[in-house]
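Undergrad: model the structure of this input:
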Amino acid sequence: MNLHIPPALTHRRFRLLWIGLFVSVAGSRMQFWAILWHIRELTDQPIALGGIGLVRVLPILVFSLVGGAVADTIDRRRVMFVTQSFLIGTAAILGWLTLSGQIAIWNIYLLTAIEAVASSFDLPARQALTPNLLPPKDLPNAFSLQSMAFTVGAIVGPALSGIVIATGGLSWVYWINAITYLALIWAIVRIGPVEQQVAERRGRSPVSLDSIQEGVQFILSRPIIFSSMLLDFFATFFSSANALLPIFARDILMVGEQGYGWLAAAQSVGAGLTAVIMSQVDDIPKQGKILLGAVVSYGAWTLVFGVSNFFWLSFLALAMMGASDTVSMIIRNTIRQLRTPDQIRGRMTSINQIFFMGGPQLGELEAGLVAQFFGAPIAVITGGIGCILAVAGIGKKWPQLWHYEGEDED
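TA: Sure, this is the predicted structure:
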């Protein structure tokens, strides 16, 4: 296979967004893993780690649909500028509270919830903006590259997180993250005006119940899109092991901050290598079968991680989870974006956000509860089994997902 410049990167505006996203993701993933480590330092109760999932998912459930309607009626670049500014503020406050010794768990929960509100508006705007930056034929490649930016950034971020925590302290992680958000703001400014098909407003407000209902009805009328969202939700709900990683690192695998940082980066290592390979693939055949197989693989490697007592086996299992999830994510995103009109794309993405962010966040809460009573390994093992059973159930309910080849019609 001859390496070549991915076609999506030949488009200047997408290239700017991709660079800004890479830098921003590295900082945000560094902060995410630092927050989990921070909570573990403040308390040894697993349920406290699971609580992060709850405070992240509640704002998403409340604001995602509104965020999607805003992304379809207001300039998406303007929305992203506002949300990135809020994210800079929350990271800076976390750094200040930590440095001054005033930090408490409730501070972390509150600021994490504010971040989740901002993300509820940011993600629909960003994902809906992407198809406006390049031709439809290059969109699958663009999502492969965005996956690469996310996963490579998520390798660098957690690895640096462990190093920075060990050498400079937690406050430095939060300050560095605040700075990295500036990269995406820089990209938004450099991209310039972007033409988009704006959904019709009903009244003065950019958001109305009718516009939200239109988005919901669209999803329900597209079995391929809806079933792929359900698949994502249940897979990540059952197989979320992230919140418990500090327990595995400190209490089971017996590694310190830097070992924890590499475990946190492991999924992204597998995902990044897979994304590089996928970026060189022009066409993906038998997309439905590959999608379902990738999610089964995700659940199976979750099981391996749950039973492992060895650092490198745990690292491998997490890396293979990341590789499986990347294949699944690229296919899911391509299906949804190509099969959704531009004027409703923000609302589709906001509904999808409830599924793909609600699943892992509620899964972290569920994992924390199970670990509180039965231990962390049982929580992860049962989650892997639940993921595989969910694939079987969804594949049986929607057989068209199994037979999906990438065609235009349901």
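Undergrad: remind me which residues of the stretch 1-150 of the chain are low pLDDT?
TA: 1-4 (pLDDT under 70).
Undergrad: now do the helices in it.
TA: 12-42, 46-73, 76-99, 105-129, 139-167 (DSSP state H, counting those that start in this stretch).
Undergrad: buried residues, the longest helix seen in the chain. List them.
TA: If each helix of the chain is counted by residues according to DSSP state H, the longest one is helix 342-374. For helix 342-374, the neighbour count (16 or more other CB atoms under 10 Å) marks 342-368, 370-372 as buried. Heads up, the C-betas are built off the backbone N, CA and C, glycines and all.
Undergrad: check which element follows it along the chain.
TA: Moving toward the C-terminus from helix 342-374, the next helix or strand (DSSP states H and E) is helix 376-397.
Undergrad: my guess is residue 131 contacts residue 138. True?
TA: No: at 9.8 Å, residue 131 does not count as touching residue 138 under the criterion of CB atoms under 8 Å.
Undergrad: work out which residue lies at the spatial centre of the protein.
TA: residue 357 (6.6 Å; CA atoms, centre = their mean).
Undergrad: so what's it up against?
TA: 56-57, 60, 64, 119, 123 (CB atoms under 8 Å, 6 or more residues apart in numbering).
Undergrad: tell me the one of these nearest residue 16?
TA: Using CB to CB, residue 123 is the member of those that lies nearest residue 16, at 18.3 Å.
Undergrad: so how far is stretch 299-312 from its chain's centroid?
TA: 22 Å (CA atoms, centre = their mean, to the nearest Å).
Undergrad: what comes up buried for it?
TA: Within stretch 299-312, the residues scored as buried using 16+ other CB under 10 Å are 299-306, 308, 311.
Undergrad: and those residues as a markdown table, adding secondary structure and distance to residue 278?
TA: As requested, the buried residues of stretch 299-312 are exported to a markdown table (DSSP: H, G, I helix; E, B strand; the rest coil; distance: CB to CB, whole Å):
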| residue | secondary structure | distance to residue 278 |
| --- | --- | --- |
| 299 | helix | 20 |
| 300 | helix | 20 |
| 301 | helix | 18 |
| 302 | helix | 21 |
| 303 | helix | 25 |
| 304 | helix | 23 |
| 305 | helix | 23 |
| 306 | helix | 27 |
| 308 | coil | 27 |
| 311 | helix | 28 |
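Undergrad: in TSV: those, plus distance to residue 383 and pLDDT.
TA: As requested, those are exported to TSV (distance: CB to CB, whole Å; pLDDT from 0 to 100):
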residue	distance to residue 383	pLDDT
299	8	91
300	12	92
301	12	93
302	6	91
303	9	91
304	12	93
305	10	92
306	8	90
308	14	91
311	21	92
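Undergrad: which residues in the stretch 201-350 of the chain form helices?
TA: Remark: helices assigned in the stretch 201-350 of the chain by DSSP H, counting those that start in this stretch are 209-220, 223-238, 245-247, 257-279, 287-307, 311-338, 342-374.
Undergrad: so which of those helices is nearest residue 9?
TA: Comparison of the helices of the stretch 201-350 of the chain against residue 9 by CB to CB identifies helix 257-279 as nearest, at 9.1 Å.
Undergrad: which other helices and strands does the closest one contact?
TA: Applying 3 or more CB pairs under 8 Å, 6 or more residues apart in numbering; DSSP states H and E, we find helix 257-279 packed against helix 12-42, helix 139-167, helix 245-247, helix 311-338.
Undergrad: how about those, which one is nearest residue 260?
TA: Nearest to residue 260 among the helices and strands packed on helix 257-279 is helix 139-167; the distance by CB to CB comes to 5.5 Å.
Undergrad: what about the stretch 251-400 of the chain, any weak spots by pLDDT?
TA: For the stretch 251-400 of the chain, the stretches flagged by pLDDT under 70 are 279-283, 285, 356.
Undergrad: pull the number of nearby residues for residue 83.
TA: Close neighbours of residue 83, defined as other CB atoms under 10 Å, add up to 23.
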